[in-house]
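>>> predicted model and sequence below, questions to follow.
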Amino acid sequence: MDRTILHCDMNSFYASVELLEHPELDGKPVAVCGDPHSRHGIILAKNEEAKKYKVQTAETIWQARRKCPDLILLAAHHYKYERFSKIINTIYLRYTDLVEPFSIDESWLDVTGSLSKFGMTGKEIADEIRETVKTETGLRQSVGVSFNKIFAKMGSDYKKPDATTVITRENYKDILWPLPARDLIFVGKSTAAKLESLNIRTIGAIAQADPSMLHRVFGKHGDEMYRYANGLEDSPVARYDAAREYKSVGNGITFRRNLQGREDVRTAVVSLSDRVSVRLRKHGLRASGVKVDIKDPNLRTISRQMQLESSTNSSAEIAKAAMDLIDRNWRYTDPIRLITVTGINISEGMPEEQISLFEPVLEEKRKQNEAIDAAMDSIRDKFGKYSIMHGGALGNDMGISYKESEEEEIEYEER
């Protein structure tokens, strides 16, 4: 028997949450962004009215205002989005314990076992959930109903806002196959361009392509595309309380002013690495690699990464690796607008690694770093997260502050 999977996707989530406190803005184009005075001048979300002007997420404020001169900007408050996300997922849990968040505003639900319990079809459960969420939170969502997670996700994208779309084995070719290849989940811009060069322009064309050719050109991603387009995806929906797999843990800051010179960069990297290491230790994780992303004032970006000799959650070791990457790949005469430091190749618990008998000094240094981190964690646990910090963060004019608002910290952590 086929499963019944829902994908619930909140409509214009950030903007809708902010508009709950601004009913006077109903019907006007609104976007949520960072503080333009501190150069967080990127659109994070927009409402349906702003979408009509083709305002896009991640474009700069000035680009958005060229399209929509009357665009109203609201500041982001990430703690609100976290709170509403928990409330909404709690509503889902009334119907099933198989609730798997995909992002802060999207979740999959497997309601196969709930159909007989509630005496309802998948569409009826989806419609009831939409109405319940609307009544209890004032927010709207779109829901896809299908026999697998991928088609359920594509169903929630198919019609917005405030709609339910059912995709079955009988109708998926009619609904999904005519769509552009770019609309298939996880098909990005470069993949779509390569598909175009192969004369594959629709999801149906992917489904009917030679699977060996797709594998030859795209590797495992080609296998996935073929399975997704043909409705062969069959991964389970995880329980809500299941442990989530961390792939990376990162922190990024768009600076109040451009960084100039190595000392500026080192101050930023030490602060970012500290936040990354704190989060790693909080979840019992270690990183076996470090990645650094740098963006200049013209929004050109470079990304570099390296593998570490051993996994770590040490602030000092992550900062050292990040600085090594930047020293090798950046001219310090060039200004920097944004840096992101990310721990990659994540693992849980203590590593099973061979300790080198020939490098006792390095091993002693590692123990010292771990002791320092443990002492700082202890002080922060007792006196608050801002009670101790690296000296370079004090009194700087770059926008690096340990006393920033909670929502800014969450935003950085979720990058």
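Received the coordinates, thanks.

>>> who touches residue 121 in this structure?
Taking Cβ atoms under 8 Å, 6 or more residues apart in numbering as the contact definition, residue 121 lies against residue 115. All C-beta spots, glycine's among them, are computed from the backbone N, C-alpha and C.

>>> does anything pack onto the helix or strand hosting residue 190? Which helices or strands?
Secondary structure assignment for residue 190, by DSSP states H and E: helix 189-197. Using 3 or more Cβ pairs under 8 Å, 6 or more residues apart in numbering; DSSP states H and E as the contact criterion, the secondary-structure elements in contact with helix 189-197 are helix 211-218.

>>> can you give me the mean pLDDT across whatever helix or strand comes next after the helix it packs on?
Taking DSSP H and E as the definition, the helix or strand that follows helix 211-218 towards the C-terminus is helix 220-229. Confidence for helix 220-229, expressed as mean pLDDT, is 95.

>>> and helix 220-229, what's buried?
For helix 220-229, the neighbour count (16 or more other Cβ atoms under 10 Å) marks 222, 224, 225, 226, 227, 228, 229 as buried.

>>> could you look up the next helix or strand downstream of that helix?
Next in line after helix 220-229, if elements are assigned by DSSP H and E, sits strand 248-259.

>>> tell me the strands beside that following strand, with direction?
With DSSP bridges as the criterion, the sheet partners recorded for strand 248-259 are strand 336-348 (antiparallel).

>>> just the CA trace of the partner strand, in PDB.
C-alpha atoms of strand 336-348 as PDB (Å, rounded to 0.1, in the frame of the first residue of the first chain):
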ATOM      1  CA  ILE A 336      36.400  42.100   2.700                       C
ATOM      2  CA  ARG A 337      32.600  42.500   3.300                       C
ATOM      3  CA  LEU A 338      31.700  39.100   4.700                       C
ATOM      4  CA  ILE A 339      33.500  36.100   6.200                       C
ATOM      5  CA  THR A 340      31.900  32.700   7.100                       C
ATOM      6  CA  VAL A 341      33.800  30.100   9.000                       C
ATOM      7  CA  THR A 342      32.300  26.600   8.900                       C
ATOM      8  CA  GLY A 343      33.300  23.300  10.500                       C
ATOM      9  CA  ILE A 344      32.700  20.500   7.900                       C
ATOM     10  CA  ASN A 345      32.900  16.700   7.900                       C
ATOM     11  CA  ILE A 346      31.100  16.500  11.200                       C
ATOM     12  CA  SER A 347      31.200  13.500  13.500                       C
ATOM     13  CA  GLU A 348      29.800  12.800  16.900                       C
END
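
>>> now that strand, how far from the chain's geometric center?
Relative to the mean C-alpha coordinate of its chain, strand 336-348 is positioned 13 Å out (Cα atoms, centre = their mean, to the nearest Å).
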